[in-house]
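Undergrad: only geometry, no sequence info:
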């Protein structure tokens, strides 16, 4: 408000809400570590906020759809990853995973924002790469989401691979435990849809 924006503009941008008890404005991302979300042109269009207080019920709050932001069309980190010379993009389950990869020198990491991969995401990715490596969490929910992503990305003709991280639940944990060189090895050894399905059947 001190910057000249009115209540309606703040609410429309999903930066604030109105308390049902007091009818006063409150900060939507209070007590959170903020991650700006950029579109492919490098413009900030949304935010992702991780709780700083573990007692907070929601671990993450992501900007809801606004006039300038549609979750189904924006991928976190794509503004940087689209310029990567790696020849592929690595799809992570969340923005912290993508950030961890970028910090370790893997500039081709991206993530969805509080939503599953969509056909719109798939078409967007097809503009910038021919290969996508899915790097979701190793738990049951993560593997179920990976299987769905495999189908959606394959529908637009992308060469889709699945990355499995033995001994870790996500890329951040794997890199911290085994190092970035080992991570690069497993990234190179990511499996095709056929190999992934065969592993699933055998297991």
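TA: Looks like it arrived, so ask away. This one's a predicted model, so the numbers in the text were calculated from it and none came from an experiment.

Undergrad: hey, let's count contacts and neighbours off CA atoms from now on
TA: Fine.

Undergrad: for residue 181, see how far away residue 113 is.
TA: Residue 113 is 28 Å from residue 181, where distance means CA to CA, to the nearest Å.

Undergrad: neighbour count for the two, which is higher?
TA: Ranked by neighbour count (other CA atoms under 10 Å), residue 113 and residue 181 place residue 113 first, with 26 against 11.

Undergrad: shouldn't the more buried one be in contact with residue 98?
TA: No: here residue 113 does not reach residue 98: they are 11.2 Å apart, not a contact under CA atoms under 8 Å.

Undergrad: shared neighbours of the two, anything?
TA: Residues touching both residue 113 and residue 98 by CA atoms under 8 Å, 6 or more residues apart in numbering: residue 76.

Undergrad: identify the residues contacting the closest residue to residue 50 other than its chain neighbours.
TA: In space, residue 50 comes closest to residue 60 once its chain neighbours are excluded; the distance is 4.6 Å by CA to CA, 6 or more residues apart in numbering. By CA under 8 Å, 6+ apart, the residues touching residue 60 are 48, 49, 50, 51.

Undergrad: mind giving me the packing neighbours of whichever strand or helix holds the third one?
TA: Okay, so that is residue 50. Remark: residue 50 resides in strand 44-51, with elements defined by DSSP states H and E. On a contact count with 3 or more CA pairs under 8 Å, 6 or more residues apart in numbering; DSSP states H and E, strand 44-51 meets strand 32-38, strand 60-62.

Undergrad: among those strands, where is the model least confident on average?
TA: Note on the helices and strands packed on strand 44-51: lowest mean pLDDT is at strand 60-62, with a mean of 87.

Undergrad: helices or strands up against whichever helix or strand comes after that strand?
TA: Next helix or strand after strand 60-62 toward the C-terminus (DSSP H and E): helix 78-81. Using 3+ CA pairs under 8 Å, 6+ apart, the elements in contact with helix 78-81 are strand 109-111.

Undergrad: and the strand it packs on, how far out from the chain middle?
TA: Strand 109-111 sits 5 Å away from the centroid of its parent chain (CA atoms, centre = their mean, to the nearest Å).

Undergrad: just after it, pick out the following helix or strand.
TA: Downstream of strand 109-111, the first helix or strand assigned by DSSP H and E is helix 119-126.

Undergrad: please state the mean pLDDT value computed over the helix or strand following that following helix.
TA: Where DSSP H and E defines the elements, the next helix or strand beyond helix 119-126 is strand 131-135. What strand 131-135 shows for mean pLDDT is 93.

Undergrad: and the angle for strand 131-135 with helix 119-126?
TA: Using axes from the mean of the first three to the mean of the last three CA atoms, to 10 degrees, one finds that strand 131-135 and helix 119-126 are set 130 degrees apart in direction.

Undergrad: contacts for strand 131-135, please.
TA: Strand 131-135 has contacts (CA under 8 Å, 6+ apart) with 87-93, 146, 149-150, 158-164, 170-171, 190.

Undergrad: pairing partners for that strand, with directions?
TA: strand 89-92 (parallel), strand 159-162 (parallel) (DSSP bridges).

Undergrad: tabulate those (JSON lines), appending mean neighbour count and distance to residue 21.
TA: Shown next, in JSON lines, are the strands paired with strand 131-135 (neighbours: other CA atoms under 10 Å; distance: least, CA to CA, whole Å):
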{"stretch": "strand 89-92", "mean neighbour count": "26", "distance to residue 21": "38"}
{"stretch": "strand 159-162", "mean neighbour count": "23", "distance to residue 21": "47"}
